[in-house]
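Student: What shape does this take:
(chains A, B, C, D, E and F)
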There are 4 protein chains.
Amino acid sequence: MTPPRADAIRNRARILEAAEQVLVEHGTTVSTEEIAKAAGVGIGTLFRHFPTKEELIRGVFEARLQRLAADATRLATDGDPATALATFLRQAVEQSEVKNALTSMLASAGVDVRDLTGEPQRALREALATLLRKAQQSGAARQDLEVPELIGLLAGTSKALEYAGDAASRSRILAVVLAGLRAG
Amino acid sequence: MTPPRADAIRNRARILEAAEQVLVEHGTTVSTEEIAKAAGVGIGTLFRHFPTKEELIRGVFEARLQRLAADATRLATDGDPATALATFLRQAVEQSEVKNALTSMLASAGVDVRDLTGEPQRALREALATLLRKAQQSGAARQDLEVPELIGLLAGTSKALEYAGDAASRSRILAVVLAGLRAG
Amino acid sequence: MTPPRADAIRNRARILEAAEQVLVEHGTTVSTEEIAKAAGVGIGTLFRHFPTKEELIRGVFEARLQRLAADATRLATDGDPATALATFLRQAVEQSEVKNALTSMLASAGVDVRDLTGEPQRALREALATLLRKAQQSGAARQDLEVPELIGLLAGTSKALEYAGDAASRSRILAVVLAGLRAG
Amino acid sequence: MTPPRADAIRNRARILEAAEQVLVEHGTTVSTEEIAKAAGVGIGTLFRHFPTKEELIRGVFEARLQRLAADATRLATDGDPATALATFLRQAVEQSEVKNALTSMLASAGVDVRDLTGEPQRALREALATLLRKAQQSGAARQDLEVPELIGLLAGTSKALEYAGDAASRSRILAVVLAGLRAG
DNA sequence: AATGAATGAGGGTTCATTCAT
DNA sequence: GATGAATGAACCCTCATTCAT
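Tutor: So this is what the prediction gives:
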């Protein structure tokens, strides 16, 4: 009934933020205690907001999906249809800051990344669909591609970039994928 | 000094085999006990052969690398230079049987996949170098590609395929990557 | 100094009532939060009235003792001396509604039921003393019995009845105890 | 296949023994750690033998039932039919060493004492049946009594005795119950 | 006075690793 | 060499209690 207290909202956000950082850095095996410490809250507070480690991880994951969806939507609206898809992929993939792609967070236990149920997943799928359609209409992407492949390639490219030794290597990997997307 | 007993050798092999299967199926979080059970040996035996869980995982990983290197070498020797690289990538990636790519095994704890030290890594690198050189000479691969990118793309493609819903989706993802490798 | 606010009084009563119900149903291991929810108040409120879980439990216990004492007093005043004691025991023991006797609430942690200090304990002891004396004078109870035994038998009979499978079994258990009380 | 190792058997026994003592003394809320310490084993060992706290408690309980059943059987075989039942009840009830009856251990969480499934329960029921039948045949017990009531009275008497202040009080409580059992 | 978010000690349980058999 | 029982640090999570709102 009553709206949540201001400090509760703030804490939830801090936890999500810290969790993302710590999880991306150390993988899902880090202890919840570690995450709580990074967020500057007690362990009890963390569990009040996310009653299960799995739910916390899912929360982080879905927040990430939401940001991706927002990015995709923005580009689909504002950007040049011919380049928007490539730009999106570049951005999305940069964001993971070299270490551990958006998905390897969940690689191991718990969350099944391929579960496309859930609102954030739906939002991302829809935004990507628009982006892809526009790219295809302007000849910037193969006609046969569909959204699931796009998501896979997003995750895969992230993964691939982990192996790049330097910036030149990174850009060559990206070039390969982008060329592949274009090629009809 | 004395050569290992016959049953010791056999046990080592059984452990590696069982470990690969179990790790691929359940991720690195499975207990060593589980692995020992799958191998049909006591945990004591497992730890005698691999004094650490990490070393066991590394062992599985390197065995896989060795098989990859052997495949690559075979194709580099016997195959058509123009198609060998693509064939290799297809094979390598199929092998992981949809579930869990060769690298996500190590994603979380312990082993850093990008560590290219070690004999198996060297062997794979060398085999891939040959494969890549021949492909480039016959115009089947971009001139700017180097081995690290190839390894990254290998891992990334595996990852990407985890998201494919059906065979058609799989083959489109592969098509994208292969086209990208070719495109100059 | 100032008398407590009307709602404070009402809340205290609601908490005691809810606590009795929940404690009897689930045992002393239920969380205070659960009790607060059942009472329709926040935990903060619960802890304002009973600064400790133990004190809450003791509160519930003493309320129960007070009701027992009132029953005993009423029967000692109004009832037939020859049957009042038996009637009391029957009533007291029925009240716990098969599930969890008045004492098993306190069995585990905290409250020592045998602590006879405290006003409610004193009141019950006194009422029972009267009841017992009258019964003995009218030959309805053994001469050697004293109040502590009576209290023990009360608790014990409650406990015994938990094992009764049906009404017939219950009444046989009661019959045994009542006969025993009478037998000289 | 192979019989359990000697030390494993010994440890299991030590754990059960220590657990009984500690549980009877402090109730089921004591930590497993405490029990392990009392048994002189590591926490891991305790959980290897009893994978759950509940199973440990049940183990203790059933061991106790087995001893009771053995006592009952012995008395039913060797003893004077006219006194065996009373002797059994006296023994059983003394055994709990004043503090906490055999059942209050389980009063709170987990084990439902009234669950009469299980081999030890069956054994006790059967032994009590014999004891009871003989007592009834020799006129030492009411004809209408059945085993469930006997079990309930056993537990109830234990409980009642917790309230006895001194030996005299204890023996009066016992006298009441024994007289009740006899009375026809 | 009432609320419920925050806290952290403590609890049950797992699991990599060691070591007696 | 092989076995599996023993170990205890570490983990996830609960809950009595405190305190800002």
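Student: make it CA atoms for all contacts and neighbour counts henceforth
Tutor: Will do.
Student: Walk me through the domains of chain A.
Tutor: Domain segmentation of chain A under automatic domain parsing yields A:1-51, A:53-181.
Student: rank those by mean pLDDT and give me the bottom one.
Tutor: Ranked by mean pLDDT, the domains of chain A end with domain A:53-181 at the bottom, a mean of 85.
Student: what's the first-to-last distance across it?
Tutor: From its first residue to its last, domain A:53-181 covers 37 Å (CA to CA, to the nearest Å).
Student: Might one say that A:T157 is in contact with B:G156?
Tutor: Yes. If you go by CA atoms under 8 Å, A:T157 and B:G156 touch, sitting 5.5 Å apart.
Student: burial of A:R172, as a residue count?
Tutor: 18 (other CA atoms under 10 Å in any protein chain shown).
Student: Chain A: helices as residue ranges?
Tutor: Using DSSP state H, the helices of chain A run over residues A:6-26, A:32-39, A:43-49, A:53-78, A:81-94, A:104-107, A:119-137, A:147-161, A:167-182.
Student: Out of those, which is closest to chain C?
Tutor: helix A:43-49 (13.3 Å; CA to the nearest CA).
Student: check contacts around A:A86.
Tutor: A:L178 (CA atoms under 8 Å, 6 or more residues apart in numbering or on different chains).
Student: how near is it to DNA strand E?
Tutor: With distances taken as CA to the nearest atom of the strand, to the nearest Å, A:A86 is found 40 Å from DNA strand E.
Student: same check, this time on A:H49
Tutor: 7 Å.
Student: can you check A:A39 too?
Tutor: On the measure of CA to the nearest atom of the strand, A:A39 and DNA strand E end up 9 Å apart.
Student: Over to A:K159?
Tutor: Following CA to the nearest atom of the strand, the distance that separates A:K159 from DNA strand E is 25 Å.
Student: Next: A:L68.
Tutor: In terms of CA to the nearest atom of the strand, A:L68 sits 27 Å off from DNA strand E.
Student: go on, A:L154?
Tutor: A:L154 is 31 Å from DNA strand E, by CA to the nearest atom of the strand.
Student: residues contacting that residue?
Tutor: A:L89, A:A92, A:V93, B:A160.
Student: Pick out the most distant pair among those.
Tutor: A:A92 and B:A160 (14.9 Å; CA to CA).
Student: okay, those two: which has more neighbours?
Tutor: Neighbour count, other CA under 10 Å: between A:A92 and B:A160, B:A160 has more, with 29 against 21.
Student: mind listing what the more buried one touches?
Tutor: A:E149, A:I151, A:G152, A:L153, A:L154, A:A155, A:G156, A:T157, B:I173.
Student: right, and A:K53 touches A:T29 too?
Tutor: No. A:K53 is not in contact with A:T29 according to CA under 8 Å; the separation is 10.2 Å.
Student: that older thread, so for B:I15, which of the domains of chain A sits nearest?
Tutor: Here domain A:53-181 is closest among the domains of chain A (CA to CA), at 21.5 Å.
Student: Spell out whether that closest one and DNA strand F are in contact.
Tutor: Yes. Counting by CA under 7 Å from any atom of the strand, DNA strand F has neighbours in domain A:53-181: A:K53, A:E54.
Student: how far is that domain from where the chain is centred?
Tutor: 7 Å (CA atoms, centre = their mean, to the nearest Å).
Student: for the residue of chain A at minimum distance from DNA strand F, phi and psi?
Tutor: With CA to the nearest atom of the strand as the measure, A:S31 is the residue of chain A nearest to DNA strand F, at 3.3 Å. Main-chain dihedrals, A:S31, degrees, to the nearest 10: phi -80, psi 150.
Student: what do you get for A:A140?
Tutor: Taking degrees, to the nearest 10 as the convention, A:A140 sits at phi -90, psi 0.
Student: what's the spacing between it and A:T73?
Tutor: A:A140 sits 18 Å away from A:T73, going by CA to CA.
Student: Let me see the contact set for the residue nearest to A:L65 when sequence neighbours are not counted.
Tutor: Nearest non-adjacent residue to A:L65, counting by CA to CA, 6 or more residues apart in numbering or on different chains: A:P120, 6.0 Å away. Neighbouring residues of A:P120 by CA under 8 Å, 6+ apart: A:E62, A:A63, A:L65, A:Q66, A:A69.
Student: How much space separates A:P120 from A:I15?
Tutor: According to CA to CA, A:P120 stands 19 Å off from A:I15.
Student: What residues does chain A have near chain B?
Tutor: With CA under 8 Å from any CA of the partner chain as the criterion, chain A meets chain B at residues A:26-29, A:104, A:107-109, A:114, A:144-145, A:148-149, A:151-165, A:169-170, A:172-173, A:175-181, A:183.
Student: Restricted to buried residues, select these in ChimeraX.
Tutor: Only the buried entries of those go into this ChimeraX selection, using 16 or more other CA atoms under 10 Å in any protein chain shown:
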select /A:27,28,104,107,108,109,145,148,149,151,152,153,154,155,156,157,158,159,160,161,162,163,164,169,170,172,173,175,176,177,178,179,180,181,183
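Student: Return stretch A:147-159 as CSV; C-alpha atoms alone will do.
Tutor: Taking Å, rounded to 0.1, in the frame of the first residue of the first chain, the C-alpha atoms of stretch A:147-159 are listed here in CSV:
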residue,chain,number,x,y,z
VAL,A,147,16.3,-12.4,-33.0
PRO,A,148,17.5,-15.5,-31.2
GLU,A,149,20.6,-15.7,-33.4
LEU,A,150,21.2,-12.0,-32.7
ILE,A,151,21.1,-12.6,-29.0
GLY,A,152,23.4,-15.6,-29.3
LEU,A,153,25.9,-13.7,-31.4
LEU,A,154,25.8,-10.9,-28.8
ALA,A,155,26.7,-13.3,-26.0
GLY,A,156,29.2,-15.1,-28.3
THR,A,157,31.0,-12.0,-29.3
SER,A,158,31.3,-10.9,-25.7
LYS,A,159,32.9,-14.3,-25.0
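Student: Just give me the neighbour total for A:L68.
Tutor: Around A:L68 there are 22 residues (other CA under 10 Å).
Student: Minimum distance to DNA strand E, which residue of chain A gives it?
Tutor: A:G44 (2.9 Å).
Student: Number of residues surrounding that residue?
Tutor: Neighbours of A:G44 (other CA under 10 Å): 12.
Student: Next one: it from C:T45, what distance?
Tutor: Applying CA to CA to A:G44 and C:T45 gives a distance of 20 Å.
Student: repeat for A:A155
Tutor: A:A155 is 50 Å from C:T45, by CA to CA.
Student: now swap in A:R12 and tell me
Tutor: 25 Å.
Student: A:P148 too?
Tutor: Relative to C:T45, and taking CA to CA, A:P148 is found at 52 Å.
Student: need the contact list for the closest residue to A:V22 other than its chain neighbours.
Tutor: Spatial nearest neighbour of A:V22, excluding adjacent residues (CA to CA, 6+ apart): A:I35 at 6.4 Å. Each residue near A:I35 by CA under 8 Å, 6+ apart is listed here: A:I15, A:A18, A:A19, A:V22.
Student: Out of these, flag the one nearest to C:A129.
Tutor: Looking across the contacts of A:I35 and measuring by CA to CA, the closest to C:A129 is A:I15, at 62.1 Å.
Student: Burial check on that closest one, number of neighbours?
Tutor: 24.
Student: Please apply the same query to A:K134.
Tutor: The local packing of A:K134 (other CA under 10 Å) involves 20 other residues.
Student: Same question for A:T73.
Tutor: Quick note: A:T73 (other CA under 10 Å) scores 21 neighbours.
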